[in-house]
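> Sequence and computational prediction follow.
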Amino acid sequence: MDGPFSIRVSECGWPLLRYCGGHLLPHEIARESQLLEVENLKLESGVQDQLASAYGGVNFMEVEYPNARIFPIHLDPSVICELEDRLVLDSRRMVPAAAAR
């Protein structure tokens with residue numbers, strides 16, 4: 001889902017949530033994560049990865065950077081089981097070359 005330089009929402013979403021008193025919505029967590037990458041880390045970043053992580057599940061996105069509309073796609077449980085049987089999760093962490101030195 002995300003590239004080696006992306007800030008994962010799961011890594012900064014919970015601290016953001018605590019900092020804001022537990023009152024952030026998924027799109028707010030995604031937006032704050034994306035702003036962190038662009039403004040603080042000076043990295044180019046879209047919004048799709050952060051939105052996918054913040055919302056979870058299967059969604060259709062209409063993106064007009066920096067805004068997006070999220071439409072959940074409700075799948076039949078049999079389709080979810082079929083997808084789970086066919087998908088592979090790669091949990092290896094990618095480390096930028098400069099950080100590995």
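That came through, no problem.
> In the chain, where is pLDDT below threshold?
1-14, 16-17, 20, 22, 91, 93-101 (pLDDT under 70).
> Can you give me the distance of Gly46 to Cys81?
Taking C-beta to C-beta, to the nearest Å as the measure, Gly46 falls 31 Å from Cys81. All C-beta spots, glycine's among them, are computed from the backbone N, C-alpha and C.
> repeat for Gly21
Distance, Gly21 to Cys81, by C-beta to C-beta: 38 Å.
> ok so, going back, who has more neighbours out of Gly46 and Cys81?
Gly46 (15 against 11; other C-beta atoms under 10 Å).
> was I right about that one contacting Glu64?
No: with contacts defined as C-beta atoms under 8 Å, Gly46 does not count as touching Glu64, sitting 11.5 Å away.
> so Glu62 sits in a strand?
Yes: assessed with DSSP: H, G, I helix; E, B strand; the rest coil, Glu62 lies in a strand.
> Let me see the contact set for it.
68-69, 71 (C-beta atoms under 8 Å, 6 or more residues apart in numbering).
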